[in-house]
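# The sequence and its predicted three-dimensional model are supplied below.
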Amino acid sequence: MFENKSEEQARQMILDMVREYCDTYHDNEKEYREGDRLPYAARVYDHEEMVNLVDSSLEFWLTSGRYTKQFEKQLSEYLGVRFCSLVNSGSSANLLAFMALTSPLLGERAVKRGDEVITVAAGFPTTVNPIIQYGAVPVFVDVTIPQYNIDVTKLEGALSERTKAVMIAHTLGNPFDLQAVKTFCDRHGLWLVEDNCDALGSQYVIDGEKRYTGTIGDIGTSSFYPPHHMTMGEGGAVYTDNPLLNKIIRSLRDWGRDCVCASGQDNMCGHRFDGQYGQLPKGYDHKYVYSHFGYNLKATDMQAAVGCAQLKKLPDFVQKRRENFAFLYEGLKDLEEYFYLPEAVDYSEPSWFGFCLTCRQGTDKNKVVEYIESCGVQTRMLFSGNLIKQPCFDGMRETGGYRVAGNLENTDRIMEGTFWVGVYPGMTKQKLEYMIKVIHAAVQQ
């Protein structure tokens, strides 16, 4: 097949066949019929992702390479932020974001074991897990319903002399009150980490300027797991405008090394063998000097290749999520006697991850959810419900290791009465209408 063909010509033949294969066997979704399984999220892709993936595999540069560099540059440009680091998952992104705050390079502002970090218990565990695993103390604050974000009126009450940071997520794409939280952090000299894993593309007007969530605090994080706003299978990103934080993040991601040379690159600075570091002998190879206790959390270039194709589609994905959310809201607003409908935070334009419903008194969430699921519509809880009631906290409740500021009344209410359904870009009008029909039937049982 490749006789008398150059490598580039052979490569193009393969990619053309991949494009045809995808268009023939992947881009032909079967007709939807009522009662078919309707997932809350799924991959949305075409031949561009598959061609990029195979293109990267033919290069066989298996670790971070040219697609990684391209993805980091283009995501930075989309968000309007200076630095972006691709990692292997959103959970790793949160780990890196928090661990960056513990770096000795930050001096007195570094988070140390026993210091406190304000967060919420109504969310996904990996926003909080790095705090606990390091030995810092999460301070849990209640949230509001139906925004499902931190109750900013409780922030001052959560503050102590050991508070060093606030680390919270934008819930289901709905930004938290960034103006209030950022003002609080600035007033008290605290770091702000935005877990943006469920909110890529959400915007918020702060100080008169519309900005993307994840770029207003000191560090933002994203996840590219398949249900999220865009996907590369597994993957995530950490971004910041702060050059020192970026240096720390890159070091921690890449084994804790001090060297900034890319994979396959040597002696970019010209001083590989003439430095003095710690108690190492002078001239020790800088590629093997470690300034942090780090990890290997890089993604592969094949993941980045998929991400580059997805990133082109992101604006359309965001718009479709907003349209699907609005369609569901219009179709369910007559059920307000049964549910609290979701509400966007003031000054925000969410890129919705899901449509959240909290059952009012007299509406049995379990019965409603079981009925909806029996009709083929997939539901999800609001993640951990109340995180401190999860089994992983069984050994911590008596020994401490965390603090609750005030009460978690709304968090408990979410645990008892809240669920959500999907608004991902693959939803058609027919699917959304069926979902509305099923939810109406669920409350009439």
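Good, I have the coordinates. Numbering: from 1, shown residues only.

# and the residue nearest the centre of the chain, backbone torsions?
Centroid check for the chain by CA atoms, centre = their mean gives residue 197 as the closest residue, at 1.3 Å. Note on residue 197: its backbone torsions stand at phi -60, psi -30 [degrees, to the nearest 10].

# What of residue 116?
Backbone phi and psi, for residue 116 under degrees, to the nearest 10, turn out to be phi -110, psi 150.

# circling back to that earlier point, ok, for the residue nearest to the centre of the chain, nearest residue in space, not its chain neighbours?
Once flanking residues are discounted, residue 197 sits nearest to residue 223: 3.8 Å by CB to CB, 6 or more residues apart in numbering. In short, each C-beta sits where N, CA and C put it, glycine included.

# Which strand residues bridge the one you found?
Beta-bridge partners recorded for residue 223 (DSSP bridges): residue 236.

# Around it, count how many other residues there are.
28 (other CB atoms under 10 Å).

# Then the one 4 residues further on?
By other CB under 10 Å, the residues close to residue 227 number 17.

# list the contacts for the residue nearest to residue 197?
89, 90, 91, 93, 197, 198, 235, 236 (CB atoms under 8 Å, 6 or more residues apart in numbering).

# Distance to residue 177 and pLDDT for those residues - can I get that in TSV?
Converted to TSV, those look like this (distance: CB to CB, whole Å; pLDDT from 0 to 100):
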residue	distance to residue 177	pLDDT
89	28	98
90	22	98
91	25	98
93	23	98
197	19	98
198	17	98
235	29	98
236	25	98
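
# Is it possible to get CSV of the residues you listed that adds distance to residue 381?
Conversion of the contacts of residue 223 to CSV gives the following (distance: CB to CB, whole Å):
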residue, distance to residue 381
89, 21
90, 18
91, 18
93, 23
197, 17
198, 14
235, 24
236, 22
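
# just for the stretch 151-300 of the chain, where's the confidence low?
Of all residues in the stretch 151-300 of the chain, none has pLDDT under 70.

# Could you pull out the strands in it for me?
163-169, 191-195, 203-206, 209-212, 219-223, 236-240 (DSSP state E, counting those that start in this stretch).

# which stretches of the stretch 1-150 of the chain form strands?
Counting by DSSP E, counting those that start in this stretch, the strands of the stretch 1-150 of the chain are 83-87, 116-120, 137-141.

# out of those, deepest packed?
Counting by mean count of other CB atoms under 10 Å, strand 116-120 has the highest mean neighbour count of the strands of the stretch 1-150 of the chain, with a mean of 26.

# after the strand or helix carrying residue 372 comes which helix or strand?
If you go by DSSP states H and E, residue 372 is part of helix 365-374. Remark: after helix 365-374, the chain's next helix or strand is strand 380-381, criterion DSSP H and E.

# avg pLDDT for that next one?
In this model, strand 380-381 carries a mean pLDDT of 98.

# what does stretch 36-55 give?
The model assigns stretch 36-55 a mean pLDDT of 96.

# got the buried residues for it?
Using 16 or more other CB atoms under 10 Å as the test for burial, stretch 36-55 gives 38, 40-42, 44-45, 47-55.

# about what we covered before: mind listing what the residue nearest to the centre of the chain touches?
90, 93, 94, 124, 169, 221, 222, 223, 228, 236.

# so who does the fourth one touch?
Taking CB under 8 Å, 6+ apart, we find residue 124 in contact with 169, 195, 197, 198, 383, 384.

# try 10 Å
90-91, 94, 169, 171, 195, 197-198, 223, 382-384, 387 (CB atoms under 10 Å, 6 or more residues apart in numbering).

# okay if I get those as a markdown table plus distance to residue 1?
Shown next, in a markdown table, are the contacts of residue 124 (distance: CB to CB, whole Å):
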| residue | distance to residue 1 |
| --- | --- |
| 90 | 41 |
| 91 | 43 |
| 94 | 47 |
| 169 | 50 |
| 171 | 52 |
| 195 | 49 |
| 197 | 43 |
| 198 | 45 |
| 223 | 40 |
| 382 | 53 |
| 383 | 50 |
| 384 | 53 |
| 387 | 56 |
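
# Closest to residue 397 out of these?
residue 387 (12.0 Å; CB to CB).

# What about the closest one, how many residues nearby?
With other CB under 10 Å as criterion, residue 387 counts 25.

# What pLDDT is listed against it?
98.

# now swap in the one 3 residues further on and tell me
Among the per-residue scores, residue 390 shows a pLDDT of 97.
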